[in-house]
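Peer 1: what follows is a protein structure lacking sequence information:
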């Protein structure tokens, strides 16, 4: 049998438990040219909240009564005459929050789980890592000597952004919630400084820790932190809009920045980025980041919780901040 998390209603604000229903169905029968993948791990990402809204976006919303959209990784357990994949292959793709998925292979990629553990391929060597890599290097136009500010810096994307900036010879300041996370950024990941937005006034902290201003701001949170960062731009600064987690569960309109005229004064730019735009170059990025990991220059941290039945509690950690690094749900039953 196949346990599936079915999307039942569009939430207003933070989703309640009735947003989804955990259902048990029969494992799908394969059509010609399909494979059956048994999921081992599911990726939980802040973007999932946006996918629930019936709004125009870079990707269609999840449909009512559909399996909840999510990245995933697992192994092929059955094949019906597929030209490329065989039993035992490890594949990653958009399998959704369920234990099994049947697919013709479109959009799936084979990875070698003998050289790295599966969770790494939906973490630093997966979408979060690709987002960090292309966001800071291509959109942020990072160059040696830049002063880089990263919000959501202890998360899956932000933590990699900051480390890449350090590898490239930059000064990096991370914004995170709580002393433990800020210590993690400085002591484990090598950031130059950290700001605890829960205990520090963000404007005062930016004056103290970014006295010369910032060249690149990588934004994962939006809201007042984005507004504050706009006041510290250096000439020709670049702002990368990756996410706005502080706004995703609003019951009112999204709060936009009132300090946007700093872009004019400093001849700065603010650009959104969606990782799918760089799909053709994922292999190149994974190869370079894999090398950095092997060299000990890039650390990857995964927060793994078990049980598809525990999806709701685990999903909540995306917004409570009760995790460090990439949030992953293990769905393979031992």
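Peer 2: Nice, I can see it. Since the structure is predicted, the reported quantities are computational estimates derived from the model, not experimental observations.

Peer 1: can you say which helix or strand has the residue most central in space within the chain in it?
Peer 2: Note on the chain: the residue nearest the mean C-alpha position is residue 128, at 4.1 Å, using Cα atoms, centre = their mean. When elements are assigned from DSSP states H and E, residue 128 belongs to helix 127-134.

Peer 1: pLDDT of that helix, averaged?
Peer 2: With pLDDT averaged residue by residue, helix 127-134 scores 97.

Peer 1: against which helices or strands is it packed?
Peer 2: Under the contact definition 3 or more Cβ pairs under 8 Å, 6 or more residues apart in numbering; DSSP states H and E, helix 127-134 sits against helix 156-167, helix 282-294. Heads up, the C-betas are built off the backbone N, CA and C, glycines and all.

Peer 1: avg pLDDT for the longest one?
Peer 2: Yep, that's helix 282-294 we're talking about. Mean pLDDT, helix 282-294: 95.

Peer 1: tell me what angle the helix or strand that it is followed by forms with helix 156-167.
Peer 2: The element immediately downstream of helix 282-294 (helix or strand, assigned by DSSP H and E) is strand 302-306. Interaxial angle, strand 302-306 versus helix 156-167 (axes from the mean of the first three to the mean of the last three Cα atoms, to 10 degrees): 160 degrees.

Peer 1: quick check: buried residues in the next helix or strand after strand 302-306?
Peer 2: Where DSSP H and E defines the elements, the next helix or strand beyond strand 302-306 is helix 311-320. Across helix 311-320, burial judged by 16 or more other Cβ atoms under 10 Å covers 311, 314-315, 318.

Peer 1: and which of these is nearest to residue 299?
Peer 2: Checking the buried residues of helix 311-320 against residue 299 with Cβ to Cβ, the nearest one is residue 318 at 20.6 Å.

Peer 1: not counting sequence-adjacent ones, nearest residue to that closest one?
Peer 2: Sequence neighbours aside, residue 46 is the residue nearest to residue 318 in space, at 5.3 Å (criterion: Cβ to Cβ, 6 or more residues apart in numbering).

Peer 1: then residue 89?
Peer 2: Residue 89's closest residue in space is residue 76 (Cβ to Cβ, 6+ apart), at 4.6 Å.

Peer 1: and that neighbour, which of the three is it?
Peer 2: Using DSSP: H, G, I helix; E, B strand; the rest coil as the criterion, the local structure at residue 76 reads strand.

Peer 1: distance check, residue 28 against residue 246.
Peer 2: 39 Å (Cβ to Cβ, to the nearest Å).

Peer 1: what's the helix or strand for residue 49?
Peer 2: Residue 49 belongs to helix 47-51 when elements are defined using DSSP H and E.

Peer 1: okay then, goodbye and thanks.
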